[in-house]
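Undergrad: Structure of the sequence below:
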Amino acid sequence: MNISFKNIVKDILENLKDVNRNIVSDEYEQSLDYLKKYVDLNIHRYKTGTECWTWNVPPKWRIRDGYIKNKDGIIVSFKDCPLHVMSYSVPVNKKMKGSELLKHVHVHKIPEAIPYEFSFYVPRWGFCLTHEQRNKIESDETYEVVIDSEMIDDYLSVGEYTIKGKSDEYIFFLSHLDHPCQINDGLIGCAVNVALATLLKGEDLHYNYTFLFVPESIGSIAFLSHNEDLIPKIKYSVFNEMVGLDNPLIIQKSYQEKALVNRYAEYAIFKSQTQVKSYPYLTVAGNDEKIFNAPGVYIPSISITRINQEVRLKKEKELQQEELNKPILPYPEYHSHLDNVDTVNFYRVNETVEVLYNLCHIIEKDFIPVRKFKGPVFLTKYDLWIDWRKDSKNSGNIRLLMYCLEGDMTAFQIAERLKRDFNEVVELLDRFHNSGLIERKSIPIGFDR
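TA: Take a look at the predicted model:
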């Protein structure tokens, strides 16, 4: 497969990169509408204030303006960059000393970066500045501080696109569309999932494939809490973000160590980049996969990303030795206006789409083979014999294969047991099936939980 998805991804990034996409906002709605250019989204709406398990849907945040001004003029303005005002800031309109203003100022580790800060559930206000802008604020000087915002009742929206398969079971692909002016932190995942959906559309599939475009965490919580009847039918979920970074793909495994989706993903990535690293659940990042894998839900859910986790772990170890408890950012530009299109490696993006596409087909191909024969199979009769003098390894494998057909292993697990390539084992099992020697059974949802 040599298909470029650069145009789809680039178009989405270019048109939504600067949009003030907050969890419940007019701009978030506009962004969902833009994705409809490529996929026919079904929009699920949840009224603000609605209880969603232990959570409540927050109000819509609407902002018209925000600035800091002194006697010489405006220092920073929301109109110059939406990130200058902390997301979900409550309104403020007052004059205050710089010493008071500085209590509400946020900066990033990178001096020239404007940070992305938010306060969705605690009423606060704040401004996000570069180090240079912050340093210009004098403690004794008086400043005019204005945030023209409001919290209003409305609806949180979740975009859902489902490609129907033959069964009543689902594979979910997750991504979050909020985080204004961020690219690798969220929007890239949406663009990749749109590209993947367009590729899968129209294929003959066993599973249903659902793509969710949500405001992070609360969107998935709202959707699942209002569709609890769907939960027992969801086999796996896959979250992706930060896949435009110029690093190899890595996996954050599901809570269920034995879940096959962990090893399916490892195999898909291995076929692309020949080396793959996996990390335990919630040790790389915690996004919407943690909602699908949460207590009482327990859907095996993985996260695929391009964070350089080994560098992070090394830095964490160094800080622990210094007895410093500081978070290590996933990548330097994280949560800042520097997380922009310039950080995206489109070759890596295309590679990610292909890996996820292959992951779907690995899931599609796997099944439980169950023997219909007794005794050793007369391989010559079924044109399955391999001359041991010419190919002793595969001759031995095909004989061992006959002992793996008791209905307690999938084709993928058999390939692992025999240390053979999954696709080769599937082809061999197809020959057994076509000869009437085995039957194919679907893998029950509870099989690997």
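
Undergrad: Any stretches of this protein with poor pLDDT?
TA: Segments of the chain classed as low confidence (criterion: pLDDT under 70) are 1-5, 386-396.

Undergrad: what are the ranges of the strands in the stretch 201-350 of the chain?
TA: In chain order, the stretch 201-350 of the chain shows strands spanning 208-214, 234-240, 250-252, 277-279, 301-305, with DSSP state E, counting those that start in this stretch as the criterion.

Undergrad: so where do the helices sit in the stretch 1-150 of the chain?
TA: 6-16, 26-35, 98-101, 131-135 (DSSP state H, counting those that start in this stretch).

Undergrad: for those, which one sits closest to G73?
TA: Set against G73 and scored by CB to CB, these come closest in helix 131-135, at 13.1 Å. Every C-beta, even on glycine, is put in place using the N, C-alpha and C of the backbone.

Undergrad: circling back: buried deepest among the strands of the stretch 201-350 of the chain, which one?
TA: Per-stretch averages of neighbours, counted by mean count of other CB atoms under 10 Å, single out strand 301-305 among the strands of the stretch 201-350 of the chain, with a mean of 28.

Undergrad: So the closest residue to M402 other than its chain neighbours versus D72, what's the distance?
TA: Of all residues beyond its chain neighbours, the one nearest M402 is V377 (5.9 Å), with distances taken as CB to CB, 6 or more residues apart in numbering. Relative to D72, V377 is positioned 88 Å away (CB to CB, to the nearest Å).

Undergrad: next one: K109
TA: Remark: distance between K109 and D72 (CB to CB) = 28 Å.

Undergrad: Between the two, which has more neighbouring residues?
TA: For K109 and D72, the more surrounded residue by other CB atoms under 10 Å is K109, and the numbers stand at 14 against 7.

Undergrad: Is that one in contact with Y331, as I believe?
TA: No - the pair K109 and Y331 does not pass the contact test of CB atoms under 8 Å, sitting 11.4 Å apart.

Undergrad: which residues are in contact with both of those two?
TA: Shared contacts of K109 and Y331, defined by CB atoms under 8 Å, 6 or more residues apart in numbering, are absent.

Undergrad: Contacts only, for the residue lying closest to S442 once chain neighbours are set aside.
TA: For S442, the nearest residue in space outside its immediate sequence neighbours is F367; the separation is 6.5 Å by CB to CB, 6+ apart. Going by CB under 8 Å, 6+ apart, F367 touches T410, A411, R440, K441, S442, I443.

Undergrad: wait, the second one sits on V425?
TA: Yes - A contact is recorded between A411 and V425 when judged using CB under 8 Å, the distance being 5.6 Å.

Undergrad: quick one: the residue lying closest to F346 once chain neighbours are set aside and V39, what's the gap?
TA: When the adjacent residues along the chain are set aside, F346 lies closest to K6, with 4.9 Å between them (CB to CB, 6+ apart). With distances taken as CB to CB, K6 is found 18 Å from V39.

Undergrad: Quick check on these two: which one has the bigger neighbour count.
TA: V39 (20 against 15).

Undergrad: The more buried one is in contact with F211, isn't it?
TA: Yes - at 7.0 Å, V39 counts as touching F211 under the criterion of CB under 8 Å.

Undergrad: Would you map the strands across the stretch 1-150 of the chain?
TA: Assigned by DSSP E, counting those that start in this stretch, the strands in the stretch 1-150 of the chain fall at 42-47, 51-52, 55-56, 60-70, 73-77, 92-97, 105-106, 127-128, 142-152.

Undergrad: Of all those strands, which one is nearest T352?
TA: Closest among the strands of the stretch 1-150 of the chain, using CB to CB: strand 42-47, at 24.9 Å.

Undergrad: Contacts only, for the residue nearest to M402.
TA: V377 makes contacts with L384, M402, L437, as judged by CB under 8 Å, 6+ apart.

Undergrad: Just send these back as TSV, with distance to T130 too.
TA: Conversion of the contacts of V377 to TSV gives the following (distance: CB to CB, whole Å):
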residue	distance to T130
L384	69
M402	68
L437	69
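
Undergrad: I'd like to know which of the residues you listed is nearest to V24.
TA: Of all the contacts of V377, the one sitting nearest V24 is L437; the distance, using CB to CB, is 57.0 Å.

Undergrad: Tell me, how many residues neighbour that closest one?
TA: Tallying neighbours of L437 according to other CB under 10 Å, which is how burial is gauged here, yields 18.

Undergrad: got the contact list for it?
TA: L437 is in contact with R371, K372, F373, V377, Y382, counting by CB under 8 Å, 6+ apart.

Undergrad: so who does the third one touch?
TA: Residues in contact with F373, defined by CB under 8 Å, 6+ apart, are L437.

Undergrad: now swap in the second one and tell me
TA: By CB under 8 Å, 6+ apart, the contact list for K372 reads G436, L437, I438, E439.

Undergrad: Mind checking which of these are in helices?
TA: Among the contacts of K372, DSSP state H puts none in helices.

Undergrad: that older thread, can you pull the residues that touch both of V39 and F211?
TA: By CB under 8 Å, 6+ apart, the residues touching both V39 and F211 are Y161, V194, A197.

Undergrad: pretty sure the last one is touching V39, no?
TA: Yes - taking CB under 8 Å as the contact criterion, A197 and V39 are neighbours in contact, 5.2 Å apart.

Undergrad: Going toward the C-terminus from the longest helix anywhere in the chain, what's the next helix or strand?
TA: Within the chain, and with DSSP H defining each element, the longest helix by residue count is helix 346-365. Sequence order places strand 368-371 as the next helix or strand after helix 346-365, per DSSP states H and E.

Undergrad: now for that next one, which elements pack on it?
TA: Strand 368-371 makes packing contacts with helix 411-418, helix 422-434, strand 438-441 when contacts are defined by 3 or more CB pairs under 8 Å, 6 or more residues apart in numbering; DSSP states H and E.
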